[in-house]
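Student: Take this sequence and fold it.
(one chain, ligands or ions: 1)
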Amino acid sequence: MLDELKKEWAEVVEKETGIPAEEVFSYFEKPKKEEMGDVALPCFKLAKQIKEDVKNFAERLKNTFSTVPFISSAEVVGGYLNLRIERASFTQKLLKKVLEEGENYGSSKEGDGKTVLIDFSSPNIAKPFGVGHLRSTVLGAALGRILQFLGYKVIGINYLGDWGAQVAKMMVAYQKWFDKSDKEKDTIKKLYELYVRFHKEEEENPHLAQEADKVLKSLEECEKKSLELWREFIEISMAEFRRIYEILGVDFDEFAGESMCDEKGAPRCIERMDSVIKELAEKRLLTEGEGGALIVEFDQKEKIPPLMMRKSDGTTLYATREVAVALERWRKYKFDRMLYVVGVPQKLHFQQVFRLFEMAGYPFAGRCEHIAFGHYLGMSTRRGTMVLLEEVLNELIEKARKVIEEKNPELLKVEDPNKVAKDVAVGALIFNDLKNERIKDVVYDEERFLSFDGETGPYLQYAHTRLCGILRKWGKSLPREFDAKLLSSDEEWRLVMNLSEFSRTVKNAAEHREPSRIANYLIECASNLNLFYQRHRVLCEENNLTNARISLVAALRIVLAKGLELLGIKPLERM
Ligand code: ARG
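Tutor: Below is the predicted model:
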């Protein structure tokens, strides 16, 4: 709601000075210090634009603002116009709005009619689910929810790495060494062992690599037996991935991997890649490299290394499939944006592919974004080179259970402790990932992120349960009327300002593809809540005051719950 006010104020400035409201709007900021006011307008650039002295300019606006609704005072300090909001009327209006709109408060229609594809998680069938895939999953799912909340139609695609040389290697290993006796048991471990064993034996036994080449060829030639084995192998790996997604609470609209298989499970990537190669050749974008390989060369000035589209032995690559899949997605969805949520190490790959899209004149060339993220530190080394994620998750859940049982033994009577433990563990993991800008590395440190204090998931979940606890104790439906004048303290005002900033925060998170904006916003709300509890009681002797404060509490609960949900963290009633 603060944004709406700012828009009105920007129009006031436009009327007074002729500078477009949109531009003025972008200048409003939060004053450096709370005592200075609620909103500040730096006047330097604006005054310069109309060649007026800053002081005059600011003073002129000050006079105008003294009669504008919702403003209690305007002051000029060193080139800034500091505005103070009329607390009671603003609070009254805002709380009413939040309580009325409930779950939808903060949502918008900006994305109506627009489709965003999000390519995320996308593990490789031939390898264990890595920590990079974990980050992609958490980040991609959060971005999807955020964009959906803003009205976009979001299509989440899991682009499984289910084709190519690595898959062929695993199939050789699977055929040779997989123990099918006890199908259900420890599949993920068994697959992991295959992976390790193949790569070890491959060094001593060059035959293995040759066998894998043969398998790949037979796959690319759609040989029936090979395809059957391939499907079986994919099913087994997928079942493992699905369990992880279930724990994390993540869904996809499509599992559409590199093989581009159709409903019957027949891969179409070969034929599609052939036509890509043909098309690129017709557009004269391919050059013949060593031994007949086909490559795309970029303009010298761009300093982008060449991109191989076909190897000399005729087999295709990750990049070839990337192009074929993008074309297919465009045919199917005519998307407005396509986000690839993939780690920083693939930066060059996307740079090359996106540039190729441009060179080929594809209509979606300007609509693609690589949503890069940093590394995960401290987890991948725990068990050899790759983690068995499910094991880590289960350990985490166990730890969370112990922490909760210690803190709140009463809980066992009203909630299923396993479920709560799972929600806390997963929330902790997700928050630890999303609290920093995505490009930064994440450090896996259970002790820290499972703690109830500090900037953690459990801290936020706890803040939410505390609000729920107050509302339970109140036990009635919310008062229809309340007097916002009674919420006059600085602690209450800070919370009101937080509430008013929610929509802007969600928008920012979407625009910058940065769920961390919401994560940090929630931390601020939670710490302002703590300051509030230190000074004030919600349920007190005075009825009118209680009515006003319980309304504030209910509004904060709505926003906290929604913020957590957008990140993928369960807002718990109790913990
Ligand atoms: N499977 C790939 C990997 O693990 C990630 C795929 C990302 N998506 C894409 N369209 N390239 O490295």
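
Student: Apart from its chain neighbours, what residue comes closest to Ala421?
Tutor: Excluding its sequence neighbours, the residue lying closest to Ala421 (C-beta to C-beta, 6 or more residues apart in numbering) is Arg401, at 3.7 Å. Where you see a C-beta, it was placed from the backbone N, CA and C, and this is true even at glycine.

Student: which SS class is the one you found?
Tutor: Three-state assignment for Arg401 (DSSP: H, G, I helix; E, B strand; the rest coil): helix.

Student: list the contacts for the closest residue to the ligand within the stretch 301-450 of the chain?
Tutor: Relative to the ligand, the nearest point of the stretch 301-450 of the chain is Val342 (4.4 Å; C-beta to the nearest ligand atom). Applying C-beta atoms under 8 Å, 6 or more residues apart in numbering, we find Val342 in contact with 119, 122, 132, 136, 350, 370-372.

Student: Phi first, then psi, for it.
Tutor: phi -140, psi 150 (degrees, to the nearest 10).

Student: Against Lys264, how distant is it?
Tutor: Remark: distance between Val342 and Lys264 (C-beta to C-beta, to the nearest Å) = 29 Å.

Student: cool, Met497 as well?
Tutor: Per C-beta to C-beta, Met497 is found 57 Å from Lys264.

Student: who's more crowded, those two?
Tutor: Legend: neighbour count by other C-beta atoms under 10 Å for Met497 and Lys264, higher for Met497 (21 against 6).

Student: if I pick that one, what's in contact with it?
Tutor: Counted by C-beta under 8 Å, 6+ apart, Met497 has contacts 2, 38.

Student: any idea of the mean pLDDT for whichever strand or helix holds it?
Tutor: Mapping Met497 onto the secondary structure by DSSP states H and E places it in helix 490-500. Taken as a whole, helix 490-500 has a mean pLDDT of 97.

Student: can you check stretch 420-428 too?
Tutor: On average, stretch 420-428 scores 94.

Student: send the alpha carbons of that stretch over as CSV?
Tutor: What follows is stretch 420-428, C-alpha atoms only, in CSV (Å, rounded to 0.1, in the frame of the first residue of the first chain):
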residue,chain,number,x,y,z
VAL,A,420,6.6,-31.0,12.3
ALA,A,421,10.2,-32.2,12.4
LYS,A,422,10.1,-32.7,8.6
ASP,A,423,8.7,-29.2,8.0
VAL,A,424,11.2,-27.6,10.3
ALA,A,425,14.2,-29.5,8.8
VAL,A,426,13.1,-28.7,5.3
GLY,A,427,12.3,-25.1,6.2
ALA,A,428,15.7,-24.7,7.7
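
Student: What's the local residue count around Pro571?
Tutor: For Pro571, the count of nearby residues is 21 (other C-beta under 10 Å).

Student: Which of the three states applies to the nearest residue in space to it that is not next to it in sequence?
Tutor: Distance criterion C-beta to C-beta, 6+ apart; nearest residue to Pro571, sequence neighbours excluded, is Ala561 at 3.9 Å. Of the three states, Ala561 takes helix under three-state DSSP.

Student: My guess is Ala561 contacts Thr465. True?
Tutor: No. Contact criterion C-beta atoms under 8 Å: Ala561 and Thr465 do not qualify, at 10.6 Å.

Student: in the helix holding Met497, what counts as buried?
Tutor: Residues of helix 490-500 classed as buried by neighbour count (16 or more other C-beta atoms under 10 Å): 491-500.

Student: Now do it: distance to the chain's middle.
Tutor: 26 Å (C-alpha atoms, centre = their mean, to the nearest Å).

Student: Repeat that for stretch 423-434.
Tutor: With C-alpha atoms, centre = their mean, you get 13 Å for stretch 423-434.

Student: And the contacts of that stretch?
Tutor: Contacts of stretch 423-434 (C-beta under 8 Å, 6+ apart): 134-135, 138-139, 142, 247-249, 393, 396-397, 399-400, 403-404, 442-446, 448-450, 455-458, 460-461, 515-516, 518-519, 564, 567-570, 572, 575.

Student: what does stretch 75-91 give?
Tutor: 5, 9, 31, 36-44, 54-55, 58-59, 61-62, 65, 69-74, 484-485, 487-488, 492-493, 496, 500.

Student: For ChimeraX, write the selection for the buried entries among those.
Tutor: Buried residues among these (16+ other C-beta under 10 Å), as a ChimeraX selection:
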select :5,9,31,36,37,38,39,40,41,42,43,54,58,61,62,65,71,74,484,487,492,493,496,500
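
Student: Show me the subset of the contacts of stretch 75-91 that also lies near the ligand.
Tutor: Among those, proximity to the ligand is found for none (C-beta under 6 Å from any ligand atom).

Student: Filter the contacts of stretch 75-91 down to the ones in strands?
Tutor: Of the contacts of stretch 75-91, the ones assigned to strands by DSSP state E are 39-42, 71-74.

Student: quick check, nearest of the residues you listed to Ala281?
Tutor: Minimum distance to Ala281 across the ones in strands among the contacts of stretch 75-91 is 55.8 Å, recorded for Pro42 (C-beta to C-beta).

Student: In contact with the closest one, which residues?
Tutor: Contact analysis of Pro42 by C-beta under 8 Å, 6+ apart lists 27, 29, 79-80.

Student: In terms of helices and strands, where is the closest residue to Ser218 other than its chain neighbours?
Tutor: For Ser218, ignoring the flanking residues on the chain, the nearest one in space by C-beta to C-beta, 6+ apart is Ser226 at 4.2 Å. Element membership for Ser226 (DSSP H and E) is helix 224-248.

Student: ok, and for that helix, which residues are buried?
Tutor: 226-227, 229-231, 233-234, 236-238, 240-241, 243-245, 247-248.

Student: neighbours around the residue nearest to Pro571, how many?
Tutor: As a burial measure, Ala561 scores 20 neighbours (other C-beta under 10 Å).

Student: go on, Cys222?
Tutor: So Cys222, with other C-beta under 10 Å, has 13 neighbours.

Student: these two touch, right, Glu491 and Arg535?
Tutor: Yes. Assessed by C-beta under 8 Å, Glu491 is found in contact with Arg535 at 5.4 Å.

Student: Just the contacts of stretch 423-434: which are in helices?
Tutor: Among the contacts of stretch 423-434, the members found in helices (DSSP state H) are 134-135, 138-139, 142, 247-248, 393, 396-397, 399-400, 403-404, 446, 448-449, 457-458, 460-461, 516, 518-519, 564, 567.

Student: Out of the residues you listed, which end up buried?
Tutor: 134-135, 138-139, 142, 247-248, 393, 396-397, 399-400, 403-404, 446, 449, 457-458, 460-461, 516, 518-519, 564, 567.

Student: Against the ligand, how distant is the residue nearest to Pro571?
Tutor: Plainly put, Ala561 is 32 Å away from the ligand if you go by C-beta to the nearest ligand atom, to the nearest Å.

Student: give me the number of residues near the nearest residue to Glu573 once chain neighbours are set aside?
Tutor: Distances taken as C-beta to C-beta, 6+ apart place Cys468 nearest to Glu573, at 4.9 Å, with adjacent residues excluded. Neighbourhood size, Cys468 [other C-beta under 10 Å]: 19.

Student: Contact partners for the residue nearest to Ser218?
Tutor: Here Ser226 is in contact with 171, 215, 218-219 (C-beta under 8 Å, 6+ apart).

Student: okay, it: pLDDT?
Tutor: Residue-level confidence at Ser226 comes out at 92, pLDDT.

Student: which residues does Asn124 contact?
Tutor: By C-beta under 8 Å, 6+ apart, the contact set of Asn124 is 160-162, 166-167.

Student: Can you tell me which residues in this protein are near the ligand?
Tutor: 119, 122, 124, 159, 161, 322, 340, 342.

Student: which residues in the stretch 251-400 of the chain form helices?
Tutor: Taking DSSP state H, counting those that start in this stretch, the helices of the stretch 251-400 of the chain run over residues 269-282, 318-333, 347-359, 389-407.
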